[in-house]
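[1] I would like to see how this sequence folds:
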Amino acid sequence: MADVKELRISVIGAGMGGLACALAFAKKGFKKIDVYETASNLGFVGAGIQLAPNLARVLDRWGCWAKIHAEATTVTSSSIREGATNKELSLVRMPDIAELYGYPHCVGHRASLAGSLFEGCQREPAITFHFSTALESLKSFGPDRVVFAARPRGGEAYDVETDILLAADGIKSAVRTALLESVDSSAQVEDTGQAAYRIMLTRAEMEHDPEMIELLDSDCALRWIGEKRHIVAYPISNKTIYNLSTCQPDTNFAAAPSVTYTTRGDKSAMLDVYGDFCPLVLRMLNLVPEGEVCEWRLRSHEPLATWTLGAVALVGDACHPTLPHLGQGATMAIEDAAVLAECVAAVPVADGGKVDRGALSRALKVYELLRKDRTSELVEMAAFSGRTLHLGEGKAKDERDRQFAEAGKKGGAVPDKWVSPDVQKMIYSHDCVAEARDRFAELFAGSAAGEEKKKTNGVAT
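    Numbering: from 1, shown residues only. Alright, predicted model coming up:
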């Protein structure tokens with residue numbers, strides 16, 4: 001094999017990270033990309049999603065951003081309010097995000113993002129989807145070759161041989177479990193103690209209420225905060241839908257432990273959780289039809305010893321799940337995909353015109369080196385922001401509220417990290433593709449030196 005682009009790429013999972021992996025490799029010129037997805041089709045659901053400039057930058061390179069942007073809302077301010085009283089703690093204005101970072105900060109529908117990625121994949125002849133097909137077991141990690149068993153729903157399992165396996169199979173990743181077991185490690189999925197309701201209200205449902213329509217017609221993202229709880233809300237889908245995402249203690253799942261991550265919620269229970277929030281919030285929650293309340297369990301896992309082994313690499317929630325308080329979960333998975341494609345495409349062809357399998361394995365390790373520290377920082381920042389937003393009465397809350405008020409007046413750091421200018425600069429200015437191109441040769445050479453040192457037990461030769 002004289003061309004790295006001839007490598008066979010197999011992707012497990014067709015969520016945001018999996019679709020992004022397939023599209024990223026196709027855009028780099030790889031010719032055989034297979035995506036295995038347990039579901040029978042990609043019936044996109046879900047609620048609102050943050051579309052930050054660092055995400056838009058990647059999507060624009062792939063030709064996906066224009067359509068998403070056309071349906072999205074460009075956020076120009078964020079109002080952080082006391083949940084119980086609707087009193088504004090801070091109004092953070094951000095009218096110049098596009099000027100500063102090249103792209104605006106938008107919010108949109110998850111289906112718009114996933115649908116645009118899928119449409120991009122469908123336009124690429126190199127990509128083949130295998131729906132209703134699950135990874136049953138992983139038999140070899142490579143790097144010479146990766147072998148896994150795939151099982152179609154209702155059919156017999158069959159072996160698949162591939163050159164690279166990218167595991168975008170989420171928080172419950174079977175590949176992660178197998179990979180960590182192979183290096184005598186583990187990372188148990190952990191409860192965060194938090195759960196979320198995701199609600200979408202239509203314009204028709206809200207039009208009778210002037211306060212609600214004012215929110216729907218605005219370019220402002222709201223955050224109502226209270227002890228151990230908050231609600232974030234903003235208009236999406238050309239302002240035809242108002243999205244509300246909540247975060248509250250995980251009492252319903254905790255009361256009935258299982259491997260379930262979602263459950264049909266009870267409207268009265270939801271109203272009880274937010275019963276002391278202001279009338280405007282309660283009027284919106286009351287609009288949710290009985291029987292259409294769904295609650296998501298927010299889960300995580302310990303930091304991993306490694307993301308790669310041989311020619312297998314983990315992507316997105318499979319290696320760095322995060323709480324949603326920073327709005328970067330899907331973005332990090334999509335950035336992972338873009339960096340992976342850059343790293344593999346840069347693998348040098350060895351003398352004799354063959355792809356060096358050891359070099360391929362080192363290229364995946366470079367991906368991990370480029371992404372691990374950054375994603376770990378954002379995961380911790382999201383958790384910290386949640387802890388800050390959920391403070392109860394006391395000196396810490398008083399100081400937080402003082403900082404909110406000060407930020408509204410002077411434009412400084414904000415306790416709600418996703419609207420804090422210093423955090424935005426760190427996140428939004430990041431160009432993951434440019435970084436991969438700039439640093440690959442250095443990190444790849446360093447990994448090769450490290451491998452050589454292992455072979456000689458650290459003794460110079």
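[2] what's the pLDDT at Cys294?
    pLDDT, the model's per-residue confidence, is 83 for Cys294.
[3] burial count for it?
    Burial of Cys294 is recorded as 16 neighbouring residues (other C-beta atoms under 10 Å). Bear in mind the C-beta positions are built from the backbone N, C-alpha and C, glycine included.
[4] Now it: closest residue in space that isn't a chain neighbour?
    Gly265 (5.7 Å; C-beta to C-beta, 6 or more residues apart in numbering).
[5] tell me which element Met284 is part of?
    With secondary structure defined by DSSP states H and E, Met284 is part of helix 279-286.
[6] in that helix, what's buried?
    Within helix 279-286, the residues that qualify as buried are 280-281, 284-285, counting by 16 or more other C-beta atoms under 10 Å.
[7] Using JSON lines, please lay out these together with pLDDT.
    Written out in JSON lines, the entries for the buried residues of helix 279-286 read as follows (pLDDT from 0 to 100):
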{"residue": "Leu280", "pLDDT": "98"}
{"residue": "Val281", "pLDDT": "98"}
{"residue": "Met284", "pLDDT": "97"}
{"residue": "Leu285", "pLDDT": "97"}
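[8] wait, which of those is closest to Ala345?
    The shortest separation between Ala345 and any of the buried residues of helix 279-286 is 47.1 Å, and it belongs to Met284 (by C-beta to C-beta).
[9] Make sure Cys343 is indeed in a helix.
    Yes - Cys343 sits within a helix when classified using DSSP: H, G, I helix; E, B strand; the rest coil.
[10] ok, it touching Tyr367?
    Yes - here Cys343 reaches Tyr367: they are 4.6 Å apart, a contact under C-beta atoms under 8 Å.
[11] Give me the common contacts of these two.
    Counting by C-beta atoms under 8 Å, 6 or more residues apart in numbering, the common neighbours of Cys343 and Tyr367 are Ala436.
[12] Show me what counts as buried in the longest helix seen in the chain.
    Of all segments of type helix in the chain, defined using DSSP state H, the longest is helix 357-389. Within helix 357-389, the residues that qualify as buried by neighbour count (16+ other C-beta under 10 Å) are 357, 359-372, 374-375, 378-379, 381-383, 385-386, 388-389.
[13] so what does the strand or helix carrying Tyr242 touch, helix or strand wise?
    With secondary structure defined by DSSP H and E, Tyr242 is part of strand 241-249. Contacting strand 241-249 under the criterion 3 or more C-beta pairs under 8 Å, 6 or more residues apart in numbering; DSSP states H and E are the following elements: strand 48-51, strand 106-109, strand 189-202, helix 203-206, helix 210-216, strand 229-236, helix 279-286.
[14] Redo these as a markdown table? Include distance to Glu6.
    Listed next are the helices and strands packed on strand 241-249 as a markdown table, based on distance: least, C-beta to C-beta, whole Å:
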| stretch | distance to Glu6 |
| --- | --- |
| strand 48-51 | 34 |
| strand 106-109 | 36 |
| strand 189-202 | 37 |
| helix 203-206 | 51 |
| helix 210-216 | 51 |
| strand 229-236 | 41 |
| helix 279-286 | 54 |
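[15] of all the buried residues of helix 279-286, which comes closest to Ala178?
    When these are ranked by distance to Ala178 (C-beta to C-beta), Leu285 comes first, at 42.1 Å.
[16] could you measure that closest one against Asp272, distance?
    The gap separating Leu285 from Asp272 is 11 Å, by C-beta to C-beta, to the nearest Å.
[17] coming back round to it: and the residue nearest to Cys294, how many neighbours?
    The local packing of Gly265 (other C-beta under 10 Å) involves 19 other residues.
[18] Identify the residues contacting it.
    Gly265 makes contact with 197, 252, 293-295, according to C-beta under 8 Å, 6+ apart.
[19] Recalculate using a threshold of 6 Å.
    By C-beta atoms under 6 Å, 6 or more residues apart in numbering, Gly265 lies in contact with 293-295.
[20] quick check, nearest of those to Leu51?
    Here the nearest of the contacts of Gly265 to Leu51, counting by C-beta to C-beta, is Cys294; it sits at 22.6 Å.
[21] distance of the closest one from Leu282?
    Following C-beta to C-beta, the distance that separates Cys294 from Leu282 is 19 Å.
[22] cool, and Ser78?
    Taking C-beta to C-beta as the criterion, Ser78 is separated from Leu282 by 22 Å.
[23] same check, this time on Thr133
    Using C-beta to C-beta, Thr133 is found at 45 Å from Leu282.
[24] got it, and Leu271?
    With distances defined as C-beta to C-beta, the gap from Leu271 to Leu282 amounts to 7 Å.
[25] Would you check that His301 makes contact with Asp191?
    No - using C-beta atoms under 6 Å, His301 is not in contact with Asp191, being 10.4 Å away.
[26] Please identify which of the two sits among more neighbours.
    Neighbour totals were compared for His301 and Asp191, and His301 leads with 19 against 14 (other C-beta under 10 Å).
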